[in-house]
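J.: I'll drop the sequence and a predicted model, then ask my questions.
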Amino acid sequence: MAKSPDSSNTTPSGSSAVTGSSAPKRGLFSRKPKEAKVKKPSRLKQIGEVFNMTRRHDPMVPWLMLLVFLGVVALSFLVGFWLENWITGLIIGIPLGLLGATLILSRRAERAAFAQIENQPGASGAALGTLKRGWITEDQPVAVNPRTQDAVFRAVGRPGVVLVSEGPTVRVKPMLDAERKRLARILPNVTVHVIESGRGKGQVPISQVAKKMTKLKNELTKLEVNAVSKRISSLGKGLPIPKGIDPYKARPNRGR
């Protein structure tokens, strides 16, 4: 039987239609196409955003920054003039003035950020997130009152275990006492500190929680901190089941 003139081309075209080879194939040694990188905002843009956020909360921050900058530059100029080298004084004073203004912005920005989240659920957890190295914190609270949104957060560091609560003292006291008793059973030799965040009597403002924690006296080593954290994590999921007992086959004895 005679073959049609296009019979030799049916197989390649059919295979390309099935396998979808219309797209260009990548060679064995060719490089993969580069993915588009997400462009991060520049450092100056980030500083500008922080400055605008802080100025909305604290309108005096631009004048304080200007005052610090001019004060440092003037002092450097006077020292240089006294040493008969005022040009060097200005060269040194301008960067120092910018550094001083940046420090003022950083302090005021931190206060503005805490002011925005104050009295909101989870504010104490955000305060623990500002702690430096040496602390092990948890994102989720260890105790929560679903009706009032009162909560207790926990952190482990060289001073021991620190419980930070948010809410009125009358409402959070039962949760703090229950968590402290539980920790005392599993960690009898570890000190448990309690800090109540808030604006009430005996409470610590949310912006001062991290500073108060860093002032606590160290009692544990770095290795002991990790061991305490692992101990709490392992027992926080529930009590272990005794060996030899299948929980799916256990049934209560109703005959007694």
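T.: It's in. Numbering: from 1, shown residues only.
J.: and F51, what does it touch?
T.: 61, 105, 109 (CB atoms under 8 Å, 6 or more residues apart in numbering). In short, each C-beta sits where N, CA and C put it, glycine included.
J.: scratch that, R231
T.: The contact partners of R231, by CB under 8 Å, 6+ apart, come to 186-187.
J.: would it count as being in a helix?
T.: Yes - judged by DSSP: H, G, I helix; E, B strand; the rest coil, R231 forms part of a helix.
J.: got the contacts of F51 as JSON lines, with distance to F153 columns?
T.: As requested, the contacts of F51 are exported to JSON lines (distance: CB to CB, whole Å):
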{"residue": "V61", "distance to F153": "30"}
{"residue": "L105", "distance to F153": "28"}
{"residue": "A109", "distance to F153": "23"}
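J.: where does the stretch 151-256 of the chain have low pLDDT?
T.: Low-confidence segments of the stretch 151-256 of the chain, defined by pLDDT under 70: 236-256.
J.: re earlier: report the buried members of the contacts of F51.
T.: Buried by 16 or more other CB atoms under 10 Å: 61, 105, 109, out of the contacts of F51.
J.: which residue sits closest to the first one, ignoring its sequence neighbours?
T.: What that stands for is V61. R108 (4.7 Å; CB to CB, 6 or more residues apart in numbering).
J.: how near is that neighbour to A101?
T.: 11 Å (CB to CB, to the nearest Å).
J.: picking up where we left off before, in what helix or strand does the residue nearest to V61 lie?
T.: Element membership for R108 (DSSP states H and E) is helix 86-117.
J.: and that helix, average pLDDT?
T.: For helix 86-117, mean pLDDT rounds to 86.
J.: ok now the helix or strand just after that helix, how far from the chain's centre?
T.: Scanning forward in sequence from helix 86-117 by DSSP H and E, the next helix or strand is helix 123-128. For helix 123-128, the separation from the chain centroid amounts to 9 Å (computed by CA atoms, centre = their mean, to the nearest Å).
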